[in-house]
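Engineer: Provided below for reference: sequence and predicted model.
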Amino acid sequence: MHFLGKNLRWLRKQSSKTQSEIAALIKKGQTTVGNWENGISEPNLEELLIISNYFDIPLDTLLKVDLSEVNVYQRQGNSGVAMYDHADAEASMAREDKLNYVLEEIKNLREEMERINSRLPENK
């Protein structure tokens, strides 16, 4: 699952920008940005990089982390552009990676227990 549309809308609103302003930055129409935010279509790689650079956010975080659930942004300066706090996001992603690792290990242990149980003779 990716969060591109949701994150683009969230970042845009955090920086008090309109869809038209973001569209002008990317040299696209306002409808295109609206379609991205609503998951109707997606930007190409070049457009993703422009968005990533504009909001100062790593591309993988833009796609994989629900920014509205993680407090990694602060308003900076007169530009109103939300600035990315790399340390908080890395810590959040590290927690997510650890959780995924633990869940994968639990799954592996369950499978191993089922294999072992299937070899045991049935008690009557």
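Structural biologist: Yep, that arrived. Numbers count the residues shown, from 1 in each chain.
Engineer: the closest residue to residue 38 other than its chain neighbours: how many residues sit nearby?
Structural biologist: Sequence neighbours aside, residue 5 is the residue nearest to residue 38 in space, at 6.1 Å (criterion: CB to CB, 6 or more residues apart in numbering). C-betas here are computed from N, CA, C, even on glycine. Neighbourhood size, residue 5 [other CB atoms under 10 Å]: 18.
Engineer: check residue 43 too.
Structural biologist: With other CB under 10 Å as criterion, residue 43 counts 18.
Engineer: where does it sit relative to residue 5, distance-wise?
Structural biologist: Residue 43 sits 10 Å away from residue 5, taking CB to CB, to the nearest Å as the criterion.
Engineer: any residues in contact with both of these two?
Structural biologist: residue 36 (CB atoms under 8 Å, 6 or more residues apart in numbering).
Engineer: do me a favour and get the end-to-end distance for stretch 21-37?
Structural biologist: Start-to-end span of stretch 21-37 (CA to CA, to the nearest Å) is 14 Å.
Engineer: quick one: mean pLDDT for it?
Structural biologist: Throughout stretch 21-37, pLDDT has a mean value of 95.
Engineer: got the buried residues for it?
Structural biologist: 22-23, 26, 28, 32-37 (16 or more other CB atoms under 10 Å).
Engineer: residue ranges in the protein under the pLDDT threshold?
Structural biologist: 1, 71-95, 123-124 (pLDDT under 70).
Engineer: so which of the buried residues of stretch 21-37 are in helices?
Structural biologist: The helices, defined by DSSP state H, take in 22-23, 26, 32-37 from the buried residues of stretch 21-37.
Engineer: contact partners for residue 34?
Structural biologist: residue 19.
Engineer: ok, it to residue 97 distance?
Structural biologist: With CB to CB as the criterion, residue 34 and residue 97 are 33 Å apart.
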